[in-house]
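A.B. asks: Let's see this in three dimensions:
(4 chains)
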Amino acid sequence: MAAIALPNTFSGTRSVFRVCPVTTFKVDLAAERLIIVNAVTAIVALLLGGIYALLIGLTRWPDVHLLSAPWFYRLLTAHGMNMLVFWMVFFEVAGLYFGGNALLNARLVGVKLAWVAYALMLGGAILVNVIIMMGRADVMFSAYPPLKADPLFYVGYILFAVGAILACCIFLATLVMAKVEGRYEGSMPLAVFGLLTAAIIALFTLLSGAVALIPTLLWSLGIGNVDPGAYRVTFWGFGHSAQQVNLSAMIAIWYTLATLTVGAKPVNEKLSRFAFFLYILFINLGSMHHLLTDPGLGTAAKFFNTSYAMYLAVLGSLIHAFSIPAAIETAMRKKGYNKGLFGWLLNAPWKEPGFSALMFSLFIFGFIGGPTGVVLGAGQLSLLAHNTWRITGHFHATVVGGTTLAFMGFAYYVLPLVFRRPLFAKKIAQWQPWVYGIGLIILSISMTLAGTLGAPRRHWDVTFSNVTIPVQVQPLMNLMLTFSGIGAVIAATGGAMFIIVAVGSLLFSPKRDPKALSPLEA
Amino acid sequence: MDNKHSGPETPGTVVLTFLLLLWIGFLYFGNWITLSQAWGIR
Amino acid sequence: MAIYPPERIWWKPLGREERLWVTVAALWCFFMFFMLIGWYFLGAQNLPTRAQRITTAQYKSLADQFVEANKVGEENGVPIVHPQPGTDIYLVAKQWQWTPILELENNKTYTLHVSSLDVQHGLSIQPINLNLQIFPGYDYMITITPNKAGNYSLWCNEFCSIGHHLMTGKIVVK
Amino acid sequence: MKSSTGLSSANRNLVYSWLLYAISAAGIAGTMAFMVAMTRTPGVRLLPSARAFHVILVGHVTFALTIWLLAFISTVWMYIGVQTGLPMSRKAGWVGLAISLAGAAIISIPILLFQGEDVMTDYVPLLDTPLFFVGFVTFLGGIGITAANYLVAVVRRRAGTSPGPTLSITEYGMACAAVAALTALVALAVAALRLGIGANGRVPAEYYQAMFWGMGHSFQYVSVSTMVVVWFAVVGVFLGEPKINERFAKVLFSLFALFPLATPLPYFLYDAITVPTRKAWGISLDSGLSLPVMLLGPMLIVWAWRARSTRNVAWLKSMPWSEPRVMTFAFSVALFAFGLSIHPAARQGTLQTPAHYHSVVVGGVTLAFMGLAYHLLAKVDRQLIWRKLAAIQPYFFALGIMLLVAGLLGAGTLGAPRKTYDAAVTGAAWLQPMVIMGVGAGIAALGGAAFVAIMLKSLLHRTPTPAVAAKRPALVGVGGD
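C.D. replies: Numbering: from 1, shown residues only, chains lettered A, B, ... in the order given. Below you'll find the predicted structure:
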């Protein structure tokens, strides 16, 4: 390994770098270690969440109905926390260190603080998981008061958020220092710009979470009171905006994957950066759609936040929806795939897991997750969908089919680079995005349709077998629930395939310098 | 490619994105129609 | 190359197709926006926004008075009430029941009050699939005008602790 | 780098870590066993409440019956695998260790916090709290990885992708144990699918009994198969190459793998909470488990006879009776045989049942494992410290278990119920046997504590240099390793 030590401008200390033989990036070894631990922790959270997902999916499949009611609600809480918070944020932190350091040839600022951030996040994550499993926090990811959890649950949540805030600050400091020390020329790469967007959104997201959760912690300890409406406003400033962090990170990764797999170049940097900028300004207002059917908020507030402002963020997404495929098309046409309208698409490297993950992610997010979100965010339409399984269908298409799948595709490139090992079981990697993507398409569409027929979310028994006042259920709902169960099983298989490849690469692949970026050639 | 603007020809993408718009419109209006059949609520 | 710094001058004018797309997309977004406002004036279904703070004890006594005054029967221990059209009617959300069972008259307007006595609940009226979030401490006032006779099922769609799936109710429109 | 023990340093570290983990689990189990026994003994009643007693009892059984046994069995898989050069994955070994250790840690949380309702089912007694089950399943996951690791290595050897001689009896026996272990995990998964997760309104005791008994049933085969393998290994240390019909022995070992394969079936055939299921498993255990042991045990005698037939009286005299490996082996065989013989007498619901399984599991299996543990010390470059104590430890432990079993058996014959906090006080009729049991438990606990202390001291005490260790033979033995 070629290692070089570069002096730091201000502190006089030296950071040790290695030069990646493939990309010629200089990688700060301290940052690399943090990338590895954060990514591995993220994958462990994904594994836990995935196991819970399978059990939950098999419970909502009416003919299987695997879990008992307490276990169902408990694992649903754990599933939400592990997937929406721990897997995403740990992976994003790994992504921030990768973008801020490897892509900019920069050193990591505050290595010790970065480890403190990791320790806080890990401690928080473990605490939350343990408390949930002790059955003391059956309150779901959203933890609406006055439904009360053990104080330690909120403590874990807050610890994690503080750690994540710290990691974002370290990333920002790293960017500043990279500029000051002149580690790169001109403007930062688009991918890093996207990650910067994500980090900025993350900062006010996490602060909003702190505003929601600290009074709640005090209330759970018997100090003061929490207004359910005010909690929801602040909580969703965290809960939904956190998904916008995922969105920004995902789009940064889309651009990256397009570059890595077909050599695509952003069609117009200005337009793409403008679209990211729209996110910073407007997308946090999307979280308002959770509150549309709440009592206590006026018409004006509901309309301002869900219509004009939110649609500006939608405009940002529509711009990306054009510029990413356009970049791919341009690159493919330049390579000579000029036949007909879609010759470039048919001849694309579909066997590359990075590319198929990118395309499935684009499709599931673009055609299922995004449009359903636009519909759900529209004021009056929220009446039709609030808290039904349509919501669940929507965010499984965005966060899982979109973000998680993009992260998986990204992992196929980053893991060989940072582990310095070739990818394990490439055949499995090749098929993984297909299995996972198809499972999620089935899952999210059937969830949405079941919700359209009235299926409530977070509900153990949609057949309503033991209720005092009997209710009528639309017969087609049962079929949709069954389809969603099948989709969940297929998706869980795809998730397991990813875990096998990722963990296998770390454990079973021989360590060596990768010869090429492509996981199929490495 | 000239340097004045970044205008490559991407007919496939144009078709795909306009399909996307149609699809969003279909979902959006489909839901408004459903809503108009429900009770009066204010 | 999204992972490398861009060439020095990257702020170029948009291409023809990009300009077209951005214009169409922006127009579309504004159209969706105007749709919301238009519907506020045209449509019969809008987000209810009237609410007032109330303690759970106050709300319970209001609802009890309402049930006592209008009770016409009982089903499985849950009272059935038949209020006068045009009046204020009360629905109580609690772990784990919607009570009472409301008998309403078709095409008549009522002011429906809903509030929770304990934690947050979600009012889901089926099969028309109208859904509202219900808080404790807030008296949510909803003007409703049923337009079709029949049995409507209520269930809870906000997680309200372990018996969540047992929480149902009923509205009968005659 | 190969050391004097024949294991490469990386492999040695792995076996060492597994061994240390297993011994620590035994230490924890032993501590809790002592607390349980002292509470049951009239006049002492160490734990102040029935609740505390039950939680500690659950902790004791979990650590003794599940964690110590399975961790040690995993150690045996690792050891036999790396010693005979099976192409095992070292990383998978570490991963299995880490996961099962994490599971054990998670299980400890509810025990330490006294959390969850205790459910006293036959197998396994448990705390009805999610954390316990999550820990349990995580632990089993680690064990499953280790078993699969071993099995994959065996398959690779047999498939010829990795060169090597045909499997020895011990390698083959451990492969059978691995099959049974994986079957146990399948049985648990099937049970979960058939019964659902969470009691959900059913009687918890019946529900959990049905849920875990299939798995527990399979694990009996794993334990016994490993015990017999340990017998063969320890005897082999002293007698060299096996002078018996290897093929016949392997056929018998195969029964340990074949019978458990049927364990998931009753879940499909019958309602798992009802009697036929238990009966099906019972019949399978009676035939599949005891038959091979009853033939494999005597084969050891045949082997010894053939090896030493020229001068057998002198040979008996010259047996190293102060050698702990020999004594643990002898007591293990004796106690296992005794436990097997009283099984028909063990009536459900009285203390005769614990008499049976303490004799078989604590006497037979644990003593055999203790012997191998002493043997492994040298393999991981550690010396046996406190030799004199080690020489008398098996006597202590075995004597204690004998008294304990006798006491339990006596009290059970008089009708004393099992799993009761104050069994000793409610009925004066079985007071005397219970006192014997208490005394036995005390002695056994001393023996067990001595074992754990010797092992921990030896394991944690670093041998100066391998060269010095090689000069002094680690153990007094008749045959070479």
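
A.B. asks: And the residue nearest the centre of chain C?
C.D. replies: C:Leu132 (2.3 Å; Cα atoms, centre = their mean).

A.B. asks: So for stretch A:215-222, what gets flagged as buried?
C.D. replies: Neighbour counts using 16 or more other Cβ atoms under 10 Å in any protein chain shown place A:Pro215, A:Thr216, A:Leu217, A:Trp219, A:Ser220 of stretch A:215-222 among the buried residues. Placement of C-beta: from N, CA and C, glycine included.

A.B. asks: repeat for stretch A:256-276
C.D. replies: A:256-262, A:264-276.

A.B. asks: Residue of chain A closest to chain D, please.
C.D. replies: A:Ser68 (2.6 Å; Cβ to the nearest Cβ).

A.B. asks: number of nearby residues for that residue?
C.D. replies: 21 (other Cβ atoms under 10 Å in any protein chain shown).

A.B. asks: what about the chain, any weak spots by pLDDT?
C.D. replies: With no chain named, the answer covers chain A. Applying pLDDT under 70 to chain A flags residues A:1-14, A:307-309, A:512-522.

A.B. asks: Correction: the question concerned chain D.
C.D. replies: D:1-6, D:41-44, D:160-165, D:270-287, D:308-319, D:345-350, D:415-430, D:463-481.

A.B. asks: need the residues of it near chain A, please.
C.D. replies: Contacts of chain D with chain A, taken as Cβ under 8 Å from any Cβ of the partner chain, map to D:89, D:91-92, D:95, D:106, D:109-110, D:113, D:115, D:129-131, D:134, D:192-193, D:196-201.

A.B. asks: how far out from the middle of the chain is stretch A:469-478?
C.D. replies: Stretch A:469-478 has its C-alpha centroid displaced from the chain centroid by 34 Å (Cα atoms, centre = their mean, to the nearest Å).

A.B. asks: which other residues reach it?
C.D. replies: A:62, A:450, A:453-455, A:462-464, C:75-76, C:78, C:97-98, C:101, C:126-127, C:151, C:153-155, C:168-170 (Cβ atoms under 8 Å, 6 or more residues apart in numbering or on different chains).

A.B. asks: rerun that using 10 Å as the cut-off
C.D. replies: Stretch A:469-478 has contacts (Cβ atoms under 10 Å, 6 or more residues apart in numbering or on different chains) with A:61-63, A:389, A:449-455, A:462-464, A:480, C:75-78, C:97-99, C:101, C:124, C:126-127, C:129, C:150-155, C:166-170.

A.B. asks: The residue of chain C found nearest chain D: how many residues sit nearby?
C.D. replies: Minimum separation of chain C from chain D (Cβ to the nearest Cβ) falls at C:Ile162, amounting to 10.9 Å. Other residues near C:Ile162 come to 18 when the count uses other Cβ under 10 Å.

A.B. asks: And what about it, helix, strand or coil?
C.D. replies: coil (DSSP: H, G, I helix; E, B strand; the rest coil).

A.B. asks: can you give me phi and psi for it?
C.D. replies: phi -50, psi -30 (degrees, to the nearest 10).

A.B. asks: any idea which helix or strand carries the closest residue to it other than its chain neighbours?
C.D. replies: Spatial nearest neighbour of C:Ile162, excluding adjacent residues (Cβ to Cβ, 6 or more residues apart in numbering or on different chains): A:Pro70 at 5.5 Å. Here A:Pro70, judged by DSSP states H and E, is contained in helix A:69-80.

A.B. asks: ok, the residue of chain C closest to chain D to D:Leu456 distance?
C.D. replies: 45 Å (Cβ to Cβ, to the nearest Å).

A.B. asks: For C:Thr87, which non-adjacent residue is spatially closest?
C.D. replies: C:Tyr110 (6.7 Å).

A.B. asks: Now do that neighbour: how many residues are near it, please.
C.D. replies: 20.

A.B. asks: Hmm, C:Thr143 and it touching each other?
C.D. replies: Yes. Assessed by Cβ atoms under 10 Å, C:Tyr110 is found in contact with C:Thr143 at 7.5 Å.

A.B. asks: As a check, name the ranges of all helices in the stretch 251-400 of chain D.
C.D. replies: Using DSSP state H, counting those that start in this stretch, the helices of the stretch 251-400 of chain D run over residues D:265-269, D:275-284, D:290-308, D:312-318, D:324-342, D:352-357, D:367-379, D:387-413.

A.B. asks: actually the stretch 1-150 of chain A, not the one I typed
C.D. replies: Using DSSP H, counting those that start in this stretch, helices in the stretch 1-150 of chain A cover A:29-60, A:69-80, A:88-97, A:111-133.

A.B. asks: same check, this time on the stretch 51-200 of chain D
C.D. replies: Going by DSSP H, counting those that start in this stretch, the stretch 51-200 of chain D shows helices at D:69-83, D:90-113, D:130-159, D:169-195.

A.B. asks: about what we covered before: so which of the buried residues of stretch A:215-222 comes closest to C:Glu68?
C.D. replies: A:Trp219 (34.6 Å; Cβ to Cβ).

A.B. asks: Can you tell me the element that closest one falls in?
C.D. replies: Element membership for A:Trp219 (DSSP H and E) is helix A:190-220.

A.B. asks: tell me what that helix is packed against?
C.D. replies: helix A:88-97, helix A:151-180, helix A:228-239, helix A:241-262, helix A:269-282 (3 or more Cβ pairs under 10 Å, 6 or more residues apart in numbering or on different chains; DSSP states H and E).

A.B. asks: so which of the residues of chain D next to chain A are also by chain B?
C.D. replies: The subset of the residues of chain D next to chain A lying close to chain B, counting by Cβ under 10 Å from any Cβ of the partner chain, is empty.

A.B. asks: Buried ones only from those residues, please, as a PyMOL command.
C.D. replies: Buried residues within the residues of chain D next to chain A, by 16+ other Cβ under 10 Å, are selected in PyMOL with:
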select buried, chain D and resi 89+92+95+106+109+110+115+129+130+131+134+192+196+197+198+199+200
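
A.B. asks: still on that earlier bit, and the pLDDT for the residue nearest to C:Thr87?
C.D. replies: If you check C:Tyr110, the pLDDT there is 95.

A.B. asks: Dig out what it forms beta bridges with.
C.D. replies: C:Ile144 (DSSP bridges).

A.B. asks: List the contacts of it.
C.D. replies: C:83-89, C:102, C:104, C:142-146 are the contacts of C:Tyr110 under Cβ under 10 Å, 6+ apart.

A.B. asks: if we can go back for a sec, next, count neighbours for the residue nearest to C:Ile162.
C.D. replies: 16.

A.B. asks: Run a quick neighbour tally on the closest residue to C:Pro85 other than its chain neighbours.
C.D. replies: In space, and not counting its chain neighbours, C:Pro85 is closest to C:Lys108: 3.5 Å by Cβ to Cβ, 6+ apart. Number of residues near C:Lys108 (other Cβ under 10 Å) recorded here: 15.

A.B. asks: Can you report phi and psi for C:Lys108?
C.D. replies: phi -110, psi 150.

A.B. asks: Return the distance of it relative to C:Gly150.
C.D. replies: Distance, C:Lys108 to C:Gly150, using Cβ to Cβ: 15 Å.

A.B. asks: Also A:Ile499?
C.D. replies: For A:Ile499, the distance to C:Gly150 equals 49 Å [Cβ to Cβ].

A.B. asks: and if you look at A:Val471?
C.D. replies: 13 Å.
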